[in-house]
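>>> I would like to see how this sequence folds:
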Amino acid sequence: MRHHKTIEQSVINFIKDNDLLCDAKKILIGLSGGADSVFALHFFKKFLKKYKIEITAVHINHLLRGEESERDEKFCSELCKSWDIDFHSSKVNVKNFAKKNKNSIEEAARILRYKQFQKVANKNKCDLIVTAHNNDDNTETVLLNIVSGSGIRGLSGIPVKRENIIRPFICLSKMEMETYLINNNIKFVVDSSNKNLDINRNFLRKEIIPSLKKNLNPSLDKVILNSSFVLRDQIKLLDFFLNDIINRIVEISENKILISVEELKKYPKEILGELFLKIFQEKLTLDFSYDTFSKLEKLLKSQTGISIELGKSLIGIKERNSIILAPKENEETFEKEVFINDEIFIGNSIISIKSVKKIPDYSKNKNIEYISGDLINDRMLIRNWNKGDKIKLLGMKGTKRVSDVLTDLKVPVIERKKQLVLLNDKEIVWIIGKKISENYKITSNTKKKLKLCLS
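Next up, the predicted model:
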């Protein structure tokens, strides 16, 4: 066991080597009352002058252990008072949050805890948030991630720094921190739930890890920590190349993401998982699972027009040259009557039908069409096109499915559902903004001429 001066120096070196404080002037320390967080508070209290910082502490009462939770909050408050440290506390109802969001108790506690940390940090103008994770925590996290099927990022363990959160004590073992406190007569509390082996992390800590150390490698924590650092460097390298690829093949258009399939073919298929993971996490801020990856992999091999659901709020669509990721929209059907010399508003568009005496010789604008009104009823109908709808196009003897017309025109799948048609007595006159029917073309015998306009 290292001497307490050596332990302190290890942390000092770790902070320096990883540039963790970054000229911070004020830090917020998460204080549970356990040995780890008390050690963290004591360390920064002792080296205030060295780092030229102010410190404040925050305790989150998860309301999970009744009187023991109240005891911990009181302990933290009194400790900070005796050490003259600014103290804040918050109560969060973890059980209700977990039930509402279908999280485990551990995951719900973590989410709420970090949310409160950020809230207190912002309110008190703290530059950084310090958590007291140690080497043991990193080992447990890596093993849990292995068991749950995590990828390379999960195997890299607990990040030493992420955004404004730093973890300066991952270089120490839990035993070192506890021994340090005991030798210096510094009190801390013990969480009784740590004995509950129904909690996965506790089971690993009490049953699996001691066996691994005894039978396989007594330096397990150190080996895993070193591997974590190596993997983090590899992830940084991977991210560098992934960002370059994303810049080449991904286009963000309004609320859609377009991924070029042709460009994607230039890269090894082995990058797909990490590429999609990065797109989901950074561009969509959505969770990404192996199931989602499998669906996207199949979509890449699918024919044009196929769409799949990628969760509650997202769909993936295979276009000719791209994969489109877009929010899932409510499929609201549109149906409204329209009269000659009338106009109706549809979203940001206006559709009008007006009688005219003369028509121009030629127009390239497909949003304006001229038709014969000799067979038109005064009352027409505008609606979404339906599966099975057909139209007789100009110059055709027979009819053609509207779906095939839209395919031939290379209308993106995501836009097809919004396509409207104009009907006269159940017959399609105009695929609005696209094509008109042969049955309503203007001839030398036409007496009544109509102008159709989409603007």
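>>> now the strands: where do they sit in the stretch 201-350 of the chain?
250-253, 256-260, 307-309, 314-318, 322-327, 335-339, 342-346, 349-356 (DSSP state E, counting those that start in this stretch).
>>> want to throw these into CSV with mean pLDDT?
Below are these laid out as CSV (pLDDT from 0 to 100):
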stretch, mean pLDDT
strand 250-253, 86
strand 256-260, 89
strand 307-309, 85
strand 314-318, 87
strand 322-327, 86
strand 335-339, 86
strand 342-346, 85
strand 349-356, 87
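>>> Off-centre distance for stretch 347-361?
Centroid separation for stretch 347-361 versus its chain: 45 Å, with C-alpha atoms, centre = their mean, to the nearest Å.
>>> meant to ask about stretch 152-172, not that
For stretch 152-172, the distance to the chain centre is 20 Å (C-alpha atoms, centre = their mean).
>>> Go through that stretch and flag the buried ones.
153, 155-160, 164-172 (16 or more other C-beta atoms under 10 Å). Glycine gets a C-beta too; all of them are placed from N, C-alpha and C.
>>> For the helix or strand of the chain with the lowest mean pLDDT, output the C-alpha coordinates as CSV.
In the chain, no helix or strand scores lower on mean pLDDT, DSSP states H and E than helix 413-416, which sits at a mean of 76. Output in CSV follows, covering the C-alpha atoms of helix 413-416 (Å, rounded to 0.1, in the frame of the first residue of the first chain):
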residue,chain,number,x,y,z
VAL,A,413,-39.8,8.2,-51.2
ILE,A,414,-40.1,10.5,-48.2
GLU,A,415,-41.9,13.1,-50.4
ARG,A,416,-44.2,10.6,-52.1
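>>> Show me what it is packed against.
strand 314-318, strand 322-327 (3 or more C-beta pairs under 8 Å, 6 or more residues apart in numbering; DSSP states H and E).
>>> Which of the buried residues of stretch 152-172 sits closest to Ile306?
Arg153 (29.7 Å; C-beta to C-beta).
>>> Need the pLDDT of the closest one.
You'll see Arg153 listed with a pLDDT of 83.
>>> remind me, longest helix of the chain?
If you go by DSSP state H, the chain has its longest helix at helix 220-249.
>>> Next, the angle strand 256-260 makes with that helix.
Orientation check (axes from the mean of the first three to the mean of the last three C-alpha atoms, to 10 degrees): helix 220-249 against strand 256-260 gives 90 degrees.
>>> got the buried residues for helix 220-249?
220-221, 224-225, 228, 231-232, 235, 238, 242, 245-246, 249.
>>> Same check on stretch 74-90?
For stretch 74-90, burial by neighbour count (16+ other C-beta under 10 Å) applies to Phe75, Cys76, Ser77, Leu79, Cys80, Ile85, Phe87, His88, Ser89, Ser90.
>>> cool, stretch 314-332 as well?
Leu314, Ile315, Gly316, Ile317, Lys318, Glu319, Ser322, Ile323, Ile324, Leu325, Ala326.
>>> and if you look at stretch 184-198?
Buried residues in stretch 184-198 (16+ other C-beta under 10 Å): Phe188, Val189.
>>> Quick one: end-to-end distance for that stretch.
Terminal residues of stretch 184-198 lie 34 Å apart, using C-alpha to C-alpha, to the nearest Å.
>>> Can you tell me what sits against it?
When contacts are defined by C-beta atoms under 8 Å, 6 or more residues apart in numbering, stretch 184-198 is touched by residues 4, 32-35, 38-39, 42, 64-65, 68, 71-72, 75, 79, 178, 181, 199, 202-203, 205-207.
>>> model confidence over it, on average?
pLDDT averaged over stretch 184-198 gives 90.
>>> what separates stretch 10-17 from the chain centre, distance-wise?
33 Å.
>>> returning to that earlier point: which ones among the buried residues of stretch 152-172 map onto helices?
Arg153, Leu155.
>>> Just give me the closest of the buried residues of stretch 152-172 to Leu406.
Arg153 (41.0 Å).
>>> dump the residue contacts of the closest residue to that closest one other than its chain neighbours.
Excluding the flanking residues, the one nearest Arg153 by C-beta to C-beta, 6 or more residues apart in numbering is Ile235, at 6.2 Å. By C-beta under 8 Å, 6+ apart, the contact set of Ile235 is Ile152, Arg153, Ser156.
>>> So what's the predicted local confidence for Ile235?
Value for Ile235, per-residue pLDDT: 91.
>>> backbone phi and psi for the closest residue to Cys126 other than its chain neighbours, please?
In this structure, Cys126 finds its nearest non-sequential neighbour in Leu28, 4.0 Å apart by C-beta to C-beta, 6+ apart. In terms of degrees, to the nearest 10, the main-chain angles of Leu28 are phi -110, psi 130.
>>> Now do Leu28, the pLDDT please.
Confidence for Leu28, expressed as pLDDT, is 98.
>>> is it true that it touches Leu128?
Yes - using C-beta atoms under 8 Å, Leu28 is in contact with Leu128, at 7.2 Å.
>>> Between those two, which is the more surrounded one?
The neighbour comparison of Leu28 against Leu128 (other C-beta atoms under 10 Å) goes to Leu28, with 28 against 21.
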